[in-house]
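Participant: build me a model:
(chains A and B)
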There are 2 protein chains.
Amino acid sequence: MTPLLRQVLSQVNGPDPRLNEIVSALVTHLHAFVEEVRPTEREWLAGLDFLIETGQMCTPERNEFILLSDMLGLTTAVDDVNHVGPKNMTPSSVEGPFHSPAPQRELGAWISFGPERERGVPTVVHGRVLDCDGTPLAGAQVDLWQANDTGLYDTQDDTQDSGNLRGLFTTDADGRYCFRTIRPSSYPVPTDGTGGRLLHAIGRHPMRPAHLHYRVTAAGYRPLTTHVFLAGDPYLGSDAAYAVKDELICHPRERTQGWEMAGPYEEIEFDLNLVPLHWKEGQ
Amino acid sequence: MTPLLRQVLSQVNGPDPRLNEIVSALVTHLHAFVEEVRPTEREWLAGLDFLIETGQMCTPERNEFILLSDMLGLTTAVDDVNHVGPKNMTPSSVEGPFHSPAPQRELGAWISFGPERERGVPTVVHGRVLDCDGTPLAGAQVDLWQANDTGLYDTQDDTQDSGNLRGLFTTDADGRYCFRTIRPSSYPVPTDGTGGRLLHAIGRHPMRPAHLHYRVTAAGYRPLTTHVFLAGDPYLGSDAAYAVKDELICHPRERTQGWEMAGPYEEIEFDLNLVPLHWKEGQ
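Facilitator: Sure thing, here's the model as predicted:
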């Protein structure tokens, strides 16, 4: 620790212990960063200018700092430290910017109503909501949102009505949920801002692998926000937002009949294991 | 190192090795910060919102990110790593936002022309520009700026003409510089933005101890930007910008005559030792 850092830390003495803790840790790591990379003054100012530009392009509809946080794996890191649980829980994964309130739908309903329904790969998605011991949770809410076959959400695309490719489902007595849709597509994060510039500079593509996005709630259990990814997607190993976890990759199966489908389709089966609200490490 | 961090680092592969190095180190320290303080999602988003607000209050005249950098000691840390030199050099110290081109003046000239000249403590400032072996440097340029007795620079204050309390001097054959002025005052950094909010939250005052600001150049030597502080200032131990170094504190002496002064005054003597341009560690 440099004498300078010691002096800075000695002067962090606000009334809120948690804020003092956060600022002290941040200051310590940023000073260590400076000692390690020894930035020139020009490099340091370029970094501050990058932050200014990032702040100035944020609007109520666009949060470029969240995008930076996503693409450096920090959003996932924060998600991880907040969702520690038993080994067999379904891992949490970041919420991203595309959630919006979904219409309540019947189990088995179609959620695809736009032109993608003709173009896309018909897909049946089903599974159960369970606790971590495998007990089914009846009456759980499954809130689902996904992009279409061109990688666009309803909120980004004039060809989709509001609520398209979204649905809110209530599990049955056996904890089951089910819906019919089309296969989602991978898509790029926005690249026209500082986030895109950073991705380009460090040699990364902007793609997110195709996924279904879930938010599951059940009385007495922790809400779970997560993704379900599709095996075989070329971007699984290099998600721009680092949201992929092995347990979240499903293997769609090709089917020719069943589930009241008119022709060939893919079947995705995915169970979600929720963690009791009052779970504590060591239990 | 978490598996997530390992994955993020493995994907930093841009064409510029220095940028890869900087991003990798920053990512490593920010992930360590997250692991250490385990921010809640609400805390993390509050931090990102703070950065957005900081960016959005920046203008061509005001750089709130530099202010944050100053008040966390980071600007000084960057300055320090860029100005390593022989033990007897005059330490560098941060430039701050108040430099502007100064009028060339004769040695011994007054630099105070505003109403502060009547109110302030008359002060003679003199010394020599030397190399680190004590050899005088003739023809060195000493660029000087300071606040007045109420803590304001000409650029902030309608009662001062442009160029007031600024001067550009050329050292004589013995490396000497000299000027007449009034004693500067301590002053607060701006507190009406996110920087002020941070200071308040961590229990710090916004004051900078009184100082004279120097930028010294001489052919064949590293330019030196530094402060000269006045012993006895109550804020020497808690400079909001962490710019104070022991070697930069001078001891004004009370005088009754000399230097063509009409009455009692204070004398400040301060020599500056420059580092040869091509100095290398270990020489």
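
Participant: in chain A, which helix is the longest?
Facilitator: helix A:17-37 (DSSP state H).

Participant: phi, psi for residue A:181 please.
Facilitator: phi -160, psi -170 (degrees, to the nearest 10).

Participant: if I look at the residue in the stretch 51-200 of chain A positioned nearest to chain B, how far off is residue A:194?
Facilitator: Ranked by Cβ to the nearest Cβ, the top residue of the stretch 51-200 of chain A for proximity to chain B is residue A:55, at 1.3 Å. Heads up, the C-betas are built off the backbone N, CA and C, glycines and all. Per Cβ to Cβ, to the nearest Å, residue A:55 is found 9 Å from residue A:194.

Participant: and residue A:32, by the same measure?
Facilitator: Residue A:32 sits at a distance of 24 Å from residue A:194 (criterion: Cβ to Cβ).

Participant: helix/strand/coil for the residue of the stretch 51-200 of chain A closest to chain B?
Facilitator: helix (DSSP: H, G, I helix; E, B strand; the rest coil).

Participant: do residue A:145 as well
Facilitator: Going by three-state DSSP: residue A:145 is strand.

Participant: what helices or strands is the helix or strand containing residue A:7 leaning on?
Facilitator: Using DSSP states H and E, residue A:7 maps to helix A:3-10. Here helix A:3-10 touches helix A:17-37, helix B:74-82, going by 3 or more Cβ pairs under 8 Å, 6 or more residues apart in numbering or on different chains; DSSP states H and E.

Participant: find the residue at the geometric middle of chain A.
Facilitator: For chain A, the residue nearest the mean C-alpha position is residue A:94 (2.9 Å; Cα atoms, centre = their mean).

Participant: could I get the contacting residues of residue A:144?
Facilitator: Under the criterion of Cβ atoms under 8 Å, 6 or more residues apart in numbering or on different chains, the contact list for residue A:144 reads A:102, A:111, A:125, A:166-169, A:179, A:212-214.

Participant: nope, residue A:245 is what I meant
Facilitator: Here residue A:245 is in contact with A:91, A:93 (Cβ under 8 Å, 6+ apart).

Participant: and for residue A:95?
Facilitator: When contacts are counted by Cβ under 8 Å, 6+ apart, residue A:95 is found next to A:213, A:215, A:225.

Participant: please repeat the previous calculation with a cut-off of 10 Å.
Facilitator: Contacts were defined as Cβ atoms under 10 Å, 6 or more residues apart in numbering or on different chains; by that measure residue A:95 touches A:66, A:75, A:79, A:213, A:215, A:225-227, A:243, B:41.

Participant: again with residue A:225
Facilitator: Listed by Cβ under 10 Å, 6+ apart, the contact partners of residue A:225 are A:79, A:83, A:92-96, A:99, A:143, A:213-217.

Participant: mind redoing it with 7 Å?
Facilitator: Remark: with contacts taken as Cβ atoms under 7 Å, 6 or more residues apart in numbering or on different chains, residue A:225 is in contact with A:92-93, A:95, A:215.

Participant: give the PyMOL command for selecting the buried subset of those.
Facilitator: PyMOL command restricting those to the buried ones, with burial defined by 16 or more other Cβ atoms under 10 Å in any protein chain shown:
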select buried, chain A and resi 92+93+95+215
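
Participant: so which of the contacts of residue A:225 is the closest to residue A:45?
Facilitator: The shortest separation between residue A:45 and any of the contacts of residue A:225 is 34.0 Å, and it belongs to residue A:95 (by Cβ to Cβ).

Participant: helix, strand or coil for the closest one?
Facilitator: At residue A:95 the chain is in coil, as set by three-state DSSP.

Participant: returning to that earlier point: more neighbours, residue A:55 and residue A:194?
Facilitator: The residue with more neighbours, out of residue A:55 and residue A:194 and counting by other Cβ atoms under 10 Å in any protein chain shown, is residue A:55; that gives 24 against 21.

Participant: name the nearest residue to that one, sequence neighbours excluded.
Facilitator: residue B:55 (1.3 Å; Cβ to Cβ, 6 or more residues apart in numbering or on different chains).

Participant: ok, now residue A:252?
Facilitator: Taking Cβ to Cβ, 6+ apart, and ignoring the residues beside it in sequence, residue A:252 has residue A:266 as its nearest neighbour in space, at 4.1 Å.

Participant: what strands line up against the host helix or strand of the one you found, and which way round?
Facilitator: Under the assignment given by DSSP H and E, the secondary-structure element containing residue A:266 is strand A:265-269. In the sheet containing strand A:265-269, the strands it pairs with under DSSP bridges are strand A:122-131 (parallel), strand A:253-255 (antiparallel).

Participant: could you point out which element follows that strand?
Facilitator: Counting by DSSP H and E, the element after strand A:265-269 in chain order, helix or strand, is strand A:272-274.

Participant: neighbouring strands for that next one, and are they parallel or not?
Facilitator: For strand A:272-274, the pairing partners within the sheet under DSSP bridges are strand A:122-131 (parallel).

Participant: then the partner strand to CSV, C-alphas only?
Facilitator: Output in CSV follows, covering the C-alpha atoms of strand A:122-131 (Å, rounded to 0.1, in the frame of the first residue of the first chain):
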residue,chain,number,x,y,z
PRO,A,122,-42.0,-24.2,-34.3
THR,A,123,-41.0,-25.0,-30.8
VAL,A,124,-42.7,-26.4,-27.7
VAL,A,125,-41.2,-25.4,-24.4
HIS,A,126,-42.2,-27.2,-21.2
GLY,A,127,-40.9,-28.3,-17.9
ARG,A,128,-41.6,-28.0,-14.1
VAL,A,129,-40.9,-25.5,-11.4
LEU,A,130,-39.6,-27.4,-8.4
ASP,A,131,-37.9,-26.7,-5.1
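
Participant: hang on, the earlier thing: for the residue of the stretch 51-200 of chain A closest to chain B, what are its contacts?
Facilitator: Taking Cβ under 7 Å, 6+ apart, one finds B:51-52, B:54-56 in contact with residue A:55.

Participant: thank you, goodbye.
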